[in-house]
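S.K.: only geometry, no sequence info:
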């Protein structure tokens, strides 16, 4: 078997566990620590592919759950596979579909065989197993594919409010069950996750072209995290992920779990913290030794007029921005903030103003979500570029001055500065 | 007074009244016959400005009605004027707001002073007069501004169905009026339009920077068109428009009115047919001597999965396209059909497939409207490029073979070819 993935560690931070690296795939490399831009349904929402590239994204994450339901993996394959389908020549990672099956659908049953759920597209009953997830991912053709895992809630869902119960991926049926035993559920998920991983490895039909990553579970219980890590890393794989984090448990819990779990993963393999996160989550996890991240925040929040800056976010619908001629962030080098750098010949090279962006959102124009998503995608790539140079130079104190938002305490979304 | 606009006629077709020309404005030139891409609220819907430029658009039309209501002309001015506001360095034309006031709003009153209507943004009562329209357009700062005209329905609205009544710009109140006299309304509109034009000229505060065009009315009555043309062209202006066309009266009526009216406008000035149209409308009007067009079709239809091709339109939601790997139009050179020409590095330089575009529309992804709008904007610019070279070479028969859609008879939207 040829290796579909190679990971070079180029530098290690002397003052933390952070590493600087580069991952090589059949569709080129990406630098680590890396933030993967999310393209759920085979498109980064609102952005033509060259804009995603120009924003510095080196790898995109697409969702198996959505693509298997619509348009279907076979259709993607007939249209040339996922890279050709979405017009993206660079690396792609697909998740297993498990997390969305748990969090987005009405679950009909979970058994050792797999999960049966109701499709969000047409309401039909869909059965997803480790074998089926890998078959779909083999058909889609991403460079990195993820093991199908059992995703328990990280904390007892009966202690959460309803919105967080949904995030925690607990079906209505299980939530109501009087006999739900959270610690038993965590143990069951751990055991299933390793058994399902072995089935994924056995089912993987394209091991020379697609790198399969395993996923460590265990909730917020460090002892269970250790046990899951030992089980999963017992299987020799090109990379390992930490799953079940940032599903409603808060910053300090995320940090506690990640600082415990990341060092348990093999030093020589990329470590991927799934679904994370805000700037401070990323910085803390990088310092704990994590190499890869993904999150919908840049585009999801961008569509809602929420613009990230190193000093904290702006809400561009606010009236204070109505006649502000300045850009979102004068230090940002995205096409919205610095159009001349991209041969966008605006008058005098002027940026798109906060006032104009506010107008676009008030008028419900697509260009508002487009420009702010573009800015936000670049914001997270700028963060990663700066993190990588900070690792090389071990310059964390200067980094902290440049990215105050990454060292906030209190709520994840601080009050608007402007 | 310096001239804000110069029009060079470069070639005249020997076999028709068509002319090849170039219009020079303070923000550069555009070639004629020209199709102006519509950016109603200060953005071409879904397209960042460099994509509009790359699609070949040389001039954009923005709507005074929308911008005066939101964000307001003063706000646009404080953000640097319309060009800086929307990040467009090239020519811009604004309409007067009259047509939208009649067609989109509940009219409270129309008098010799002006129109009072209910804002579609906040329901407030807005009074628009010739002086106010010009003041707003002076504040916005477009290169070409339009006279405020009285827009009667072209045909008696009581003979139209409800949808076409709305298009015809007739308020519910007038429609129901038993004593409505259509010919009297046309005469009233003609008389008001010339009186209002003189008020526009007197109110125009930036005649050295902004070219004011007059508008000929008269409905589908050729005698009234002649009378209006004589009145309007009696005022020396840098350009003249034909208004009140394509408001529900059908292809043959459009052609009859335009073939009659265009030759009545001064040979040495650009002639602008407002709000037109489909390919065959444009070709017929070019051959009658018209130089400028605008229409929302490329973006409005593009947002609804309707893709223009020289052979006729495609409806990309249709199931027949689900696994079609081909582009919208193999001969098209837009970024969706030929990405490599724009350094969009899709795998193997492959186009965005009909199958992928269908998926985007089925999944309600913004990228569907974005890519099809981009294709459609380019489609109309390709049409104009070909029209211009056809005028130079007098090659109309070969043109007809390349653009069968422009010579269809019957309904404006022919059945889908594929």
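M.R.: Received it, and whenever you're ready, just let me know what you need. Here the structure is a predicted model, which is why all the values come from computation and not from measurement.
S.K.: residue ranges with poor pLDDT in the stretch 51-200 of chain A?
M.R.: The stretch 51-200 of chain A contains residues with pLDDT under 70 at A:160-179.
S.K.: quick one: the strands in it?
M.R.: With DSSP state E, counting those that start in this stretch as the criterion, the stretch 51-200 of chain A has strands at A:60-62, A:92-94, A:107-110, A:115-118, A:125-128, A:144-146.
S.K.: Residue B:281 is nearest to which of those strands?
M.R.: Taking Cβ to Cβ, strand A:60-62 is the member of the strands of the stretch 51-200 of chain A nearest to residue B:281, at 42.1 Å. To be clear about C-beta, it is placed using only N, CA and C from the backbone, and glycine gets the same treatment.
S.K.: thinking again about what came up before, put together a markdown table for the strands of the stretch 51-200 of chain A, with mean neighbour count on each row.
M.R.: A markdown table is the format used below for the strands of the stretch 51-200 of chain A (neighbours: other Cβ atoms under 10 Å in any protein chain shown):
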| stretch | mean neighbour count |
| --- | --- |
| strand A:60-62 | 26 |
| strand A:92-94 | 27 |
| strand A:107-110 | 17 |
| strand A:115-118 | 20 |
| strand A:125-128 | 17 |
| strand A:144-146 | 28 |
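S.K.: could I get those as JSON lines with distance to residue B:49?
M.R.: Formatted as JSON lines, the strands of the stretch 51-200 of chain A follow (distance: least, Cβ to Cβ, whole Å):
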{"stretch": "strand A:60-62", "distance to residue B:49": "25"}
{"stretch": "strand A:92-94", "distance to residue B:49": "29"}
{"stretch": "strand A:107-110", "distance to residue B:49": "46"}
{"stretch": "strand A:115-118", "distance to residue B:49": "43"}
{"stretch": "strand A:125-128", "distance to residue B:49": "43"}
{"stretch": "strand A:144-146", "distance to residue B:49": "35"}
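S.K.: Chain B: which of those strands is closest?
M.R.: Closest approach to chain B among the strands of the stretch 51-200 of chain A (Cβ to the nearest Cβ): strand A:92-94, 10.8 Å.
S.K.: what's the neighbour count on the residue in the stretch 201-350 of chain A that chain B sits nearest to?
M.R.: Residue of the stretch 201-350 of chain A nearest chain B, by Cβ to the nearest Cβ: residue A:346 (3.9 Å). By other Cβ atoms under 10 Å in any protein chain shown, 21 other residues sit near residue A:346.
S.K.: What is the burial count for residue A:255?
M.R.: Residue A:255 - counted by other Cβ under 10 Å - has 17 other residues nearby.
S.K.: Heading C-terminal from the strand or helix carrying it, find the next helix or strand.
M.R.: Per DSSP states H and E: residue A:255 is located in helix A:251-261. Next along the chain after helix A:251-261, taking DSSP H and E as the criterion, comes strand A:271-273.
S.K.: List the buried residues for the next helix-or-strand element following that next one?
M.R.: As assigned by DSSP H and E, the chain's next helix or strand after strand A:271-273 is helix A:279-287. By 16 or more other Cβ atoms under 10 Å in any protein chain shown, the buried positions in helix A:279-287 come out as A:279, A:280, A:281, A:282, A:283, A:284, A:285, A:286, A:287.
S.K.: can you list the residues of the stretch 51-200 of chain A near chain B?
M.R.: A:51, A:53, A:66, A:70-71, A:75, A:78-80, A:83-89 (Cβ under 8 Å from any Cβ of the partner chain).
S.K.: I misspoke; the intended subject was the stretch 301-418 of chain A.
M.R.: When proximity is defined by Cβ under 8 Å from any Cβ, the stretch 301-418 of chain A lies next to chain B at A:322-323, A:325, A:335, A:339, A:342-348, A:350, A:352-353, A:355-356, A:358-360, A:362-363, A:365-367, A:369-371.
S.K.: For ChimeraX, write a command that selects the buried ones of those residues.
M.R.: Filtering those down to the buried ones (16+ other Cβ under 10 Å) takes a single ChimeraX command:
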select /A:322,323,335,339,342,344,345,346,347,350,352,353,355,356,358,359,360,362,363,365,366,367,369,370,371
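S.K.: among the residues of the stretch 301-418 of chain A next to chain B, which are in helices?
M.R.: Within those, residues falling in helices by DSSP state H are A:355, A:356, A:358, A:359, A:360, A:362, A:367, A:369, A:370, A:371.
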